[in-house]
Structure formats: structure tokens, C-alpha cells
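S.K.: how does the following fold in three dimensions:
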Amino acid sequence: MAQTLPHLITEAAVLSAAGAGLRHYTLGSALVAAGADATVVILLPGDDPKNGVQNSSRILLCGEKAPDDLRSRLGSRDVPPTRLFARLEQGYLPLGVVLRRGTSSGCDGYNHIELEFDQPLSRAALDAVRPVRAVGPLPAVDWVDHVETDPIQALESFALGWFPADQAGASGNGGAAARQAGDLPEALAAFHRLARLRPALRGFHDPVLEQPEPADGPRGDRLVFARWAQGYRDWSIPWPPREQDGSDPVVWETEDPQSADYRETTVEQEPLSRFLLKYTLFEAMISSPYHARTYRLPAASLDPLLRTLRPVPLSPFMPAHDAARFFVAPGLIAAVSTDGTDAGVGFAALHRGTLTAILDYGFRWFRFDG
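M.R.: As a prediction, the model looks like this:
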């Protein structure tokens with residue numbers, strides 16, 4: 001049954017909800033009115049992954065640093081409630097009461113305040129305040145054909161299609177430290193060349209180091225080329241290169257690399273060229289503008305969806321943890337973790353509308369940005 005919007009109200013009714021003693025603020029594109037009875041936030045409809053309503057539960061407010069008196073009020077449980085409204089052409093749509101989830105200094109140097117609704121929005125209200133735009137051109141997935149025969153070409157084709165080209169060229173002398181010790185393996189050199197064309201590769205949450213670092217380890221001397229952002233894990237190759245590895249060396253994953261007593265190094269299932277593709281898929285998911293994640297569900301219930309996606313012929317990523325296998329479609333990456341009986345799946349998309357189509361499968365969502 002189709003859902004309908006709540007009754008729209010006037011601007012006067014919105015402001016009266018705040019009560020007496022109004023103080024007015026702006027936070028990015030949001031207008032804020034703080035009064036004795038409530039803090040009222042008025043949003044403009046739009047689809048911005050950095051600002052406004054993100055999904056049925058989550059809101060981001062991004063703007064210049066909010067005054068302390070406003071910061072202490074927004075979403076707090078201890079002061080008058082914070083009520084959200086959307087300004088539509090026909091009137092103002094009440095969205096509900098919101099609570100504070102966090103504050104950060106992201107948002108391109110501005111202040112980020114994260115809020116959540118105490119009751120999730122209906123689909124009708126969500127579509128009104130965060131309309132789903134038509135899906136534009138999407139990157140192809142024919143690079144999957146090259147994963148087994150030419151993984152470097154597959155990586156290049158994926159990255160050139162997925163990541164934007166409209167950024168300033170990356171600076172720096174990627175891999176200079178490694179080149180001083182000897183030539184980088186071709187897969188790693190190709191990654192650094194690619195990063196000059198797609199600077200987003202330099203901005204991974206868990207970076208591929210612009211200057212790989214020599215280190216020792218339980219298996220011998222190594223060259224660290226990627227590091228978990230918190231430093232709890234890194235990835236390296238034997239260094240100097242070993243003759244038995246040829247041009248595509250093995251990859252070592254080291255847990256707790258800063259600890260001489262507890263660090264443990266295991267061998268990845270993929271050589272460097274295929275590992276870098278797997279790693280880039282994982283980081284592309286993290287950095288994507290739109291996400292969705294299911295609760296655990298019967299593995300068999302994924303079959304209708306997976307038949308519409310292309311499996312990427314790579315071993316699971318981080319097998320000791322989520323052991324996720326990747327599937328792709330134009331503009332979409334899925335990571336599936338399963339024990340054969342139950343499964344969980346996360347999605348990342350370049351366009352919100354790509355996720356919206358997945359609603360038809362009836363999954364229970366832990367998070368859904370579509």
C-alpha cells in the first residue's frame with residue numbers, strides 16, 4: 001500500500017513549535033531557530049552525501065562551527081527537543097525529533113553534527129526530503145574478465161571507472177623510498193602511476209603508502225606498502241625481492257606490527273597484483289557516497305540478488321575476520337560474508353538510485369542509504 005506524507009504546515013506553525021525567545025542560526029544550508037520549547041531545524045530537500053538527511057535514520061548537518069550554545073542544544077536529551085522540518089514547495093513537512101549521535105571536524109574543514117531520528121522516517125517522507133535522482137552513466141564491469149589473466153589491467157580499468165577524474169593531480173614522489181632500495185614490483189608501481197590519474201587512491205581510509213617503508217618481521221625483512229589506519233595491521237612484501245617470488249611477490253599481513261612480542265605475520269592467499277585489486281575494492285566500498293548493510297539473513301535468500309551480480313574471482317578479503325567475497329554490477333559493489341548457512345552483505349554505490357532498486361529483495365536493513 002502506498003504511503004502518504006504527513007500533513008504539511010505553515011512556516012508560522014514551524015517557528016511557533018520553538019516557543020518564545022527565538023534565536024536564529026544557520027548551519028550550512030539548514031536554518032535553525034532555538035526557543036524555550038524546542039530547537040527547530042529546517043532543511044531543504046536534496047541528495048547530498050555530506051549534508052542533510054542521509055537515510056531514514058541519519059542526518060548530517062555541515063557548516064561553519066556552530067556556536068557553543070547551539071551545539072549544546074542540538075539533539076541533546078537534556079534540553080528542549082530538536083525537531084526537524086523540510087521546506088517543500090507546498091509547505092513544511094514535519095520529520096520528527098532527532099537525537100545527537102556525534103560531532104566531528106570532517107566536512108571539508110567545517111563542523112559535522114550527526115543526528116538520528118527517534119523514529120525512522122516513512123519511505124514517503126524520505127523520498128520527499130531526499131529525492132532519488134535519476135541514475136546517470138555507470139562504470140562498466142567488464143574489467144572482471146581480466147582478473148585472472150591480467151589483474152593489473154583489471155585494477156586499472158576498475159579504478160579509472162569508479163573513482164573521479166575531476167581532482168587535481170596528486171603530488172609527491174610515490175614510492176621514492178622503495179626505489180632507493182630497488183625497483184618496485186610492477187603491480188605496486190602500476191598502483192602509484194594510477195594514483196597520479198585518480199588521486200582518490202591516495203585518500204584511502206587505510207592508505208597504500210606513498211613511500212613504502214622497510215621493516216623487519218617474524219618472516220624476515222619486508223617492505224610495508226599499506227597500513228591499517230589505526231596501525232593495528234599492515235601489509236608488506238619480502239624485501240629485498242626473493243627470486244622464488246618472481247615479478248609478483250607474496251603479500252604478508254602483520255598483526256600488531258608495533259609489538260615485538262605479539263606481532264604475527266601470515267601469508268595472504270593472493271599475490272601482490274591480485275591483492276591490490278582486492279584491497280582497492282574494499283577501500284572503494286568505504287569511500288563510496290552511499291552504503292547499505294543487511295542484518296544476518298539466510299544465505300539462500302541472497303541467491304536471487306547474486307544472480308544479477310558478477311562475482312569477482314578473488315579469495316575472501318581478511319579471511320580471519322569478515323572473509324568477504326566481492327560481487328559487482330555497474331556502479332555497485334557488494335561484499336558477502338557467509339558460513340554457508342547465514343550471511344551478511346554490505347553494499348556501496350556511486351548513485352543512490354542504484355541502491356534503491358535493491359529494496360525489491362525485501363532484506364532487513366541495518367543501514368540503507370537508498
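S.K.: what's next to stretch 220-231, contact-wise?
M.R.: 178, 181, 188, 205-209, 212-216, 233-240, 252, 254, 257-258, 279 (Cβ atoms under 8 Å, 6 or more residues apart in numbering). All C-beta atoms are positioned from the backbone trio N, CA, C, and that covers glycine.
S.K.: just the buried members of those?
M.R.: Applying 16 or more other Cβ atoms under 10 Å to the contacts of stretch 220-231, the neighbour count classes 178, 188, 206, 208-209, 212, 233-239, 252, 254, 257, 279 as buried.
S.K.: which residues pair with the closest residue to Val144 other than its chain neighbours across the strands?
M.R.: In space, and not counting its chain neighbours, Val144 is closest to Arg310: 5.1 Å by Cβ to Cβ, 6 or more residues apart in numbering. Beta-bridge partners recorded for Arg310 (DSSP bridges): Val328.
S.K.: mind naming the longest strand for the protein?
M.R.: strand 91-104 (DSSP state E).
S.K.: buried set for stretch 281-297?
M.R.: Leu281, Phe282, Glu283, Ala284, Met285, Ser288, Tyr290, His291, Ala292, Arg293, Thr294, Leu297.
S.K.: which element, helix or strand, includes the fifth one?
M.R.: Going back to what we said before, that points to Met285. Taking DSSP states H and E as the criterion, the element that holds Met285 is helix 272-287.
S.K.: does anything pack onto that helix? Which helices or strands?
M.R.: Counting contacts by 3 or more Cβ pairs under 8 Å, 6 or more residues apart in numbering; DSSP states H and E, helix 272-287 packs against helix 151-162, helix 186-197, strand 233-238, strand 325-329, strand 332-338, strand 342-349.
S.K.: what's the weakest-modelled helix or strand in the protein?
M.R.: Lowest on mean pLDDT, DSSP states H and E among the helices and strands of the chain sits helix 176-181, with a mean of 44.
S.K.: Thr265: which element?
M.R.: Secondary structure from DSSP H and E places Thr265 in strand 264-267.
S.K.: ok, that strand: who's next to it in the sheet?
M.R.: strand 252-255 (antiparallel).
S.K.: so for the strand it pairs with, mean pLDDT?
M.R.: Strand 252-255 shows a mean pLDDT of 90.
S.K.: what do you get for stretch 77-91?
M.R.: Per-residue scores along stretch 77-91 average to 92.
S.K.: just stretch 44-61 next, same as before
M.R.: The model assigns stretch 44-61 a mean pLDDT of 88.
S.K.: same check, this time on stretch 209-225
M.R.: 89.
S.K.: now do the end-to-end distance for it.
M.R.: One end of stretch 209-225 to the other measures 5 Å (Cα to Cα, to the nearest Å).
S.K.: so what touches stretch 146-164?
M.R.: Stretch 146-164 is contacted by residues 139-140, 142-145, 186-187, 190-191, 194, 197-198, 200-201, 273-274, 276-277, 280-281, 284, 312-314, 350 when judged by Cβ under 8 Å, 6+ apart.
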